[in-house]
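Peer 1: need the 3D shape of this:
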Amino acid sequence: MTTTNPASRLNDLTVVIPNWNTPDLTIRCVEALVGEGVPHDRIVLVENGSTDDSYERLQAELPECRLIRFEQNVGYGGAMNAGARELAGSAYLLLNNDAFVHTPGSLERLLATLDDPSVGIGFPRYLNVDLSLQPSVMPTHSPLTALVRASGLSRLVPNRWAPKLSTHWDHDQAREIDGANGAVMLFRGETWERLGGFDERIYIYAEEIDICWRARKAGWKIWFTPQAQFVHIGNGSAGKQWSDATREKLIAESESTVIRWHLPRLSAAATIGLISTGVAARWLAYSVVRNQEAAAAYRASLRGFLSRNGQTQP
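Peer 2: Residues are numbered from 1 along each chain as shown. Okay, here's the model as predicted:
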């Protein structure tokens, strides 16, 4: 394992942050990164079809950052790919604008994982706004993990097995993982370039599932570093644009599309079928207790998993 000077590492790092009608979050995100030593001119802001004064705000308040603009929203993957193309780097930190560095030194610790040449993607530990753990590590989709998810037994999986079977893991150990929620993702430059970035056939959601799957197939390790901590609000942009039901449908469409891409036909059908069964059971349960909001969200999710037309824009 080799080591790199932290300052030079930050000077070669490319940071990409998308903005969609939430300039306050973007400005806060940038300020947290600059506080960690990231130069303003290594940060690319992607103004992704906002209809408010975001572009003008970002121009005025973050003039040293690079800023590119799309008149219409091109999707999450499209925005991130465009930002990465704008500024080459030895590594790429791609993050949602509602994710903020929390623990000092987090970025340096995350970057240090790339000292291992076999690591292609790194993830930090996420915290909720109240600083409680936000579970993020996800197992690879398979009929077995779908069964655990659908049955509601995820919380009963022993901690030592959880990262391979469930999201209910204590997230305290630095280790190789299959993948995680993509609010903050660090890519080795070579990994990002070889994989060709995010697959833009996915408009939004599940980009991280697909690219982690492709990275593992290509022989790269994915590493989780709990000492690197970010506060992640969640749905900071999409939550202002769409209802819970719309978001759940989009998530399910993207997830099922990626499952069909990467698993053999029978395994994909079994995996989606098991997940759909669990979602349907929860829809019925919430309908019985007359929780209409939750029932509508699960119903929309079920429609997304059962759709075979791929993801459509809302």
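
Peer 1: tell me the spacing between Ala228 and Asp53.
Peer 2: Distance of Ala228 to Asp53, computed by C-beta to C-beta, to the nearest Å: 33 Å. Any C-beta I mention is one placed from the backbone N, CA and C, and that applies to glycine too.

Peer 1: compare those two (neighbour count), which wins?
Peer 2: The residue with more neighbours, out of Ala228 and Asp53, is Ala228; 25 against 12, by other C-beta atoms under 10 Å.

Peer 1: now do the contacts for the more buried one.
Peer 2: Neighbour list for Ala228: Thr103, Ser106, Leu107, Arg109, Leu110, Gly122, Pro124, Arg125 [criterion: C-beta atoms under 8 Å, 6 or more residues apart in numbering].

Peer 1: repeat that with 6 Å
Peer 2: Ser106, Arg109, Leu110, Pro124 (C-beta atoms under 6 Å, 6 or more residues apart in numbering).

Peer 1: how about the secondary structure of it?
Peer 2: strand (DSSP: H, G, I helix; E, B strand; the rest coil).

Peer 1: gap between it and Gly182?
Peer 2: The gap separating Ala228 from Gly182 is 15 Å, by C-beta to C-beta.

Peer 1: would Leu93 count as being in a strand?
Peer 2: Yes - applying three-state DSSP, one finds Leu93 inside a strand.

Peer 1: partner residues bridging it?
Peer 2: Val15, Leu186 (DSSP bridges).

Peer 1: what bits of the stretch 101-250 of the chain have low per-residue confidence?
Peer 2: 235-242 (pLDDT under 70).

Peer 1: give me the contact list for the top helix by length along the chain.
Peer 2: In the chain, taking DSSP state H as the definition, the longest helix is helix 265-288. The contact list for helix 265-288 (C-beta under 6 Å, 6+ apart) reads 141, 143, 146-147, 149-150, 256, 259-260, 294-295, 298-299, 301-302, 305.

Peer 1: wait, which of those residues is closest to Pro135?
Peer 2: Of all the contacts of helix 265-288, Pro135 sits closest to Arg149, with 12.9 Å by C-beta to C-beta.

Peer 1: in the helix or strand harbouring that closest one, what counts as buried?
Peer 2: Using DSSP states H and E, Arg149 sits within helix 143-151. Residues Pro143, Thr145, Ala146, Leu147, Val148, Arg149, Ala150 are the ones in helix 143-151 that count as buried (16 or more other C-beta atoms under 10 Å).

Peer 1: one more: stretch 271-287?
Peer 2: For stretch 271-287, the neighbour count (16+ other C-beta under 10 Å) marks Thr271, Ile272, Leu274, Ile275, Ser276, Thr277, Gly278, Val279, Ala280, Arg282, Trp283, Tyr286 as buried.

Peer 1: tell me how far that stretch lies from the chain's centre.
Peer 2: 24 Å (C-alpha atoms, centre = their mean, to the nearest Å).

Peer 1: now swap in stretch 151-171 and tell me
Peer 2: Mean-position distance between stretch 151-171 and its chain equals 20 Å (C-alpha atoms, centre = their mean).

Peer 1: same check, this time on stretch 106-117
Peer 2: Between the centre of stretch 106-117 and the centre of its chain there are 18 Å (C-alpha atoms, centre = their mean).

Peer 1: and for stretch 277-293?
Peer 2: For stretch 277-293, the distance to the chain centre is 27 Å (C-alpha atoms, centre = their mean).

Peer 1: now swap in stretch 46-57 and tell me
Peer 2: Using C-alpha atoms, centre = their mean, the offset of stretch 46-57 from its chain centre is 22 Å.

Peer 1: could you give me the buried positions within it?
Peer 2: Neighbour-count burial for stretch 46-57, counted by 16+ other C-beta under 10 Å, picks out Val46, Glu47, Asn48, Gly49, Ser50, Ser54, Tyr55, Arg57.

Peer 1: how about residues contacting it?
Peer 2: So stretch 46-57 is contacted by 18-21, 23, 68-70, 72-73, 79, 82-83 (C-beta under 6 Å, 6+ apart).
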